[in-house]
Each structure stands twice: as structure tokens, then as C-alpha cells.
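1. take this sequence and fold it.
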Amino acid sequence: MKKLISLFAVMMLSTSAFAGLGNQNIFNPIEFTGTEEQKVEVIASIERGVYQTFCIEGDMCADSTLRMMENSELKAFKYLTQIEVATMDLYNGVVQTYCVDIDMCSYSTIKMMYDSEVKASKQTLTF
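-> This is a model prediction of the structure:
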């Protein structure tokens, strides 16, 4: 029961971190259940985010670039739906840092930094 309450608390923190992220509003991969409605929402969120980054904020608005980055984001999203409960605190820390604190919130950034945190959490300094 204690683990269930802890898991619920972690999920609520994850949800609040993704609720309104600067000029982006992305779907939390942890809450993804695979409904058609959610799939449409995720795709729309990815398309908006990639367009914002590469066409509005940047000068790389070629269709090939957009499709490549959209596919990269979707792949990262799918990966993030499989986060293990044991590493949820690392995930939440990454979301806090990159989505709330510094507004670099993309699924590929979250995935890259989450993987880095998981790897670092298993390392120790040795001579």
C-alpha cells in the first residue's frame, strides 16, 4: 500500500511538471495509455513543438528536417512511456530541469538527459 501511495505521488508530480511548460504544452509520456485520442494529442504536440523550434525560432524549416525531427521526437516519446518506477525520481528531476527551469522541453532532450542520469546514478568515483 505504501508503494502504491508513493507511485501515485510521483505520478502527480510528473503530471504537474508537464501541465503548462512555457510556450509548449506536451503530453506526459508516463500517463500515456495508447488511446486514439492520446495518440492524436501526442502527434499534434510533437508537430507544434518541432514547427515552433525549427520554423518560428529557427531557420531550418525544410520538410525533410521537420519529418526527421518529428520522427525523433516520437521515438523518444515511445521510449519515455516505458520509464521504470525505480527511476521515476530521476525522470522527474530531468522534467523539472529541462521543462520548467530552463524551457528546453522536448522528448528527445528528456530522453537523452534521463538516460544520462540513470547511467550516472549507477557510477561511483574510483581511483
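
2. measure residue 43 to residue 60 for me?
-> 20 Å (CB to CB, to the nearest Å). C-beta: built from backbone N, CA, C; applies to glycine.

3. same deal with residue 46?
-> Separation of residue 46 from residue 60 (CB to CB): 16 Å.

4. of the two, who's got more company?
-> residue 46 (22 against 12; other CB atoms under 10 Å).

5. ok, that one touching residue 77?
-> Yes. With contact defined as CB atoms under 8 Å, residue 46 counts as touching residue 77 (7.0 Å).

6. show me whatever sits in contact with both of the two.
-> Counting by CB atoms under 8 Å, 6 or more residues apart in numbering, the common neighbours of residue 46 and residue 77 are residue 107.

7. and the helices in the protein?
-> Counting by DSSP state H, the chain has helices at residues 2-18, 36-51, 63-80, 88-95, 107-121.

8. for the protein, what helix or strand is lowest in average pLDDT?
-> Confidence across the helices and strands of the chain bottoms out at helix 2-18, with a mean of 38, counting by mean pLDDT, DSSP states H and E.
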